[in-house]
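> quick one: sequence plus predicted model below, questions after.
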Amino acid sequence: MDTLPFDGGRLSRCADDLIAGIRVLSERGWTPATSSNFSMRLDPGHVAITVSGRDKGRLERDDIMVVDLEGRPVATSLRSSAETLLHTQLYARYPEIGCVLHTHSLVQTVASRLFAGAGHVHLEGYELLKAFHGNHTHEMAVELPVLPNSQDMPVLAAQVDALLDRQSMWGYLIDGHGLYAWGRDLAEATRHLEAFEFLLACELELRKLR
Ligand SMILES: CSCCC(=O)C(=O)COP(=O)(O)O
Ligand SMILES: [Zn+2]
C-alpha cells in the first residue's frame, strides 16, 4: 500500500477542528448557498481545504481534501475549492500562516459594494482593532482592501500579491463577493474574521446614522 505524502492523523484532526469552526460561522448565516471556503495548513507543503460546491454548514470529513502549495490535489480525485489559489498563495508566501477563512456574510457583501469605489475600508478608532495580531492600541488605523471581483483566479491572486507587496494585512474584501481573513491558526483566523465582520457592521451603521 502506498503511503500518503502527509500525516493522515493530522488531516483527520485538522478536518474535525475546521468543520466545527465552520459550523459556527455557517450558523450565523455567513456561508449562504454553498458559498465560502476554508483551509488549514497540514505541514510546510500541504493544506487541508474544503471540496468545491459543498454545503459548508453540513461538512463531514470527506468534504475536506488535501492540496499542495500550488493548489494541486494530493492523493484524491476530488476537486478543491474554485478559489484554492487564493488560499495557497498565502501559505506559500507566509510560512507562519496556518489557516485561511473565506465567507460571504450580508455585512461583508454589502460593505464590499459600498466601498469598492474607494478601494478600501478605513477602520480607525475602534478598541476592537486590537483583535488583529500585532495591534496593541485603538489609536491606529487598518485599511481593509476591496478588490474587484473576477472569475479568473490567477488575476485575483496577482491583485492580492500586489497588495501584499505594499502592506501587511490580515484580510481583504472582494467586491460583491465576500471576505478573506487569515491567521497563524484557526483561532486567530476566526478572531480576525469576526473582528472584520463587527467593524464592517459598525461602518455600515454609521453610514445609516450620518
Ligand atoms: C455559490 S458561491 C460561488 C463560489 C464562491 O464564491 C465560493 O466561495 C464557494 O466556492 P467553492 O468552490 O469553494 O465551493
Ligand atoms: Zn467566494
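Here it is on my side, so go on. Ligands and ions are numbered 1, 2, ... in the order given.

> the residue nearest the centre of the chain: helix or strand, and which one exactly?
Most central in the chain under C-alpha atoms, centre = their mean is residue 101, positioned 2.7 Å from the mean C-alpha point. Taking DSSP states H and E as the criterion, residue 101 maps to strand 99-103.

> for that strand, output the C-alpha coordinates as PDB.
Output in PDB follows, covering the C-alpha atoms of strand 99-103 (Å, rounded to 0.1, in the frame of the first residue of the first chain):
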ATOM      1  CA  CYS A  99      -5.500  29.000   8.500                       C
ATOM      2  CA  VAL A 100      -7.400  30.900   5.800                       C
ATOM      3  CA  LEU A 101     -11.200  31.600   6.100                       C
ATOM      4  CA  HIS A 102     -13.400  33.000   3.300                       C
ATOM      5  CA  THR A 103     -17.100  33.900   4.000                       C
END
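
> and the following helix or strand past that strand, C-alpha only, in PDB?
Remark: after strand 99-103, the chain's next helix or strand is helix 106-114, criterion DSSP H and E. Only the C-alpha atoms of helix 106-114 are listed here, as PDB (Å, rounded to 0.1, in the frame of the first residue of the first chain):
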ATOM      1  CA  LEU A 106     -24.500  40.000   4.300                       C
ATOM      2  CA  VAL A 107     -22.400  42.600   6.100                       C
ATOM      3  CA  GLN A 108     -19.200  41.700   4.200                       C
ATOM      4  CA  THR A 109     -21.000  41.700   0.900                       C
ATOM      5  CA  VAL A 110     -22.900  45.000   1.400                       C
ATOM      6  CA  ALA A 111     -19.700  46.700   2.600                       C
ATOM      7  CA  SER A 112     -17.700  45.300  -0.400                       C
ATOM      8  CA  ARG A 113     -20.200  47.000  -2.700                       C
ATOM      9  CA  LEU A 114     -20.300  50.300  -0.800                       C
END
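
> what about helix 106-114, near ligand 1?
No. Using C-beta under 6 Å from any ligand atom, helix 106-114 stays clear of ligand 1, coming no nearer than 10.5 Å. For every residue, glycine as well, the C-beta is placed using N, CA and C.

> any idea of the angle that helix forms with strand 99-103?
80 degrees (axes from the mean of the first three to the mean of the last three C-alpha atoms, to 10 degrees).

> buried residues in the helix or strand that comes right after helix 106-114?
Per DSSP H and E, the first helix or strand lying C-terminal to helix 106-114 is strand 120-124. Judged by neighbour count using 16 or more other C-beta atoms under 10 Å, the buried positions of strand 120-124 are 120-121, 123.

> stretch 60-75 too?
Here stretch 60-75 shows 63-69, 71, 73-74 as buried, counting by 16+ other C-beta under 10 Å.

> again, but for stretch 5-14
Buried-residue list, stretch 5-14, by 16+ other C-beta under 10 Å: 6, 11, 14.

> tell me how far the first one lies from ligand 1.
To ligand 1, residue 6 is 20 Å away according to C-beta to the nearest ligand atom, to the nearest Å.

> do the same with residue 153
Here the criterion is C-beta to the nearest ligand atom. By it, residue 153 lies 10 Å from ligand 1.
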